[in-house]
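Novice: 3D, please:
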Amino acid sequence: NVLRNGKVKEITIEEMVKDDILFLSTGQQILADCTLIHGNELEVDESMLTGEADPVNKKAEDDLLSGSFIV
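Specialist: Next comes the predicted model:
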């Protein structure tokens, strides 16, 4: 889901473009490197990328890595 023309719209991966604002929820994979704009107590599973078994807490302005999952 992305914000387009002031509305939340579901798109395919191929339709995603630079500067899209993504709406992510539990269980979703992050499909592109991005920066968290807003989130409260967001935890991300980066184990496929870093090998770290524990979820990583993220806050506004933190980077989110492609291939990780929202928990």
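Novice: how about the strands in this protein?
Specialist: Secondary structure of the chain (DSSP state E): strands at 2-4, 7-9, 21-22, 34-35, 42-45, 56-58, 63-64, 69-70.
Novice: all helices for this structure, in order.
Specialist: For the chain, the helices defined by DSSP state H occupy 47-50.
Novice: who touches the residue minimising distance to the centre of it in this structure?
Specialist: Centroid check for the chain by Cα atoms, centre = their mean gives Ile30 as the closest residue, at 4.3 Å. Ile30 makes contact with Leu24, Val44, Leu64, Leu65, Ser66, Gly67, Ser68, Phe69, Ile70 under the criterion Cβ atoms under 8 Å, 6 or more residues apart in numbering. C-beta: built from backbone N, CA, C; applies to glycine.
Novice: Sort out which of the residues you listed are buried, if you could.
Specialist: Among the contacts of Ile30, those buried by neighbour count (16 or more other Cβ atoms under 10 Å) are Leu24, Val44, Leu64, Ser68, Phe69, Ile70.
Novice: Which residue lies closest in space to Ile11, excluding its sequence neighbours?
Specialist: Nearest-residue entry for Ile11: Val2, 5.6 Å, with adjacent residues in sequence omitted and distances by Cβ to Cβ, 6 or more residues apart in numbering.
Novice: Glu52 now?
Specialist: Nearest non-adjacent residue to Glu52 (Cβ to Cβ, 6+ apart): Glu46, at 5.9 Å.
Novice: so how far is Asp63 from the one you found?
Specialist: Glu46 is 11 Å from Asp63, where distance means Cβ to Cβ, to the nearest Å.
Novice: who's more crowded, those two?
Specialist: Glu46 (19 against 10; other Cβ atoms under 10 Å).
Novice: pLDDT score for the more buried one?
Specialist: Looking at Glu46, its pLDDT stands at 95.
Novice: residues in contact with it?
Specialist: By Cβ under 8 Å, 6+ apart, the residues touching Glu46 are Glu52, Val56, Leu65, Ser68.
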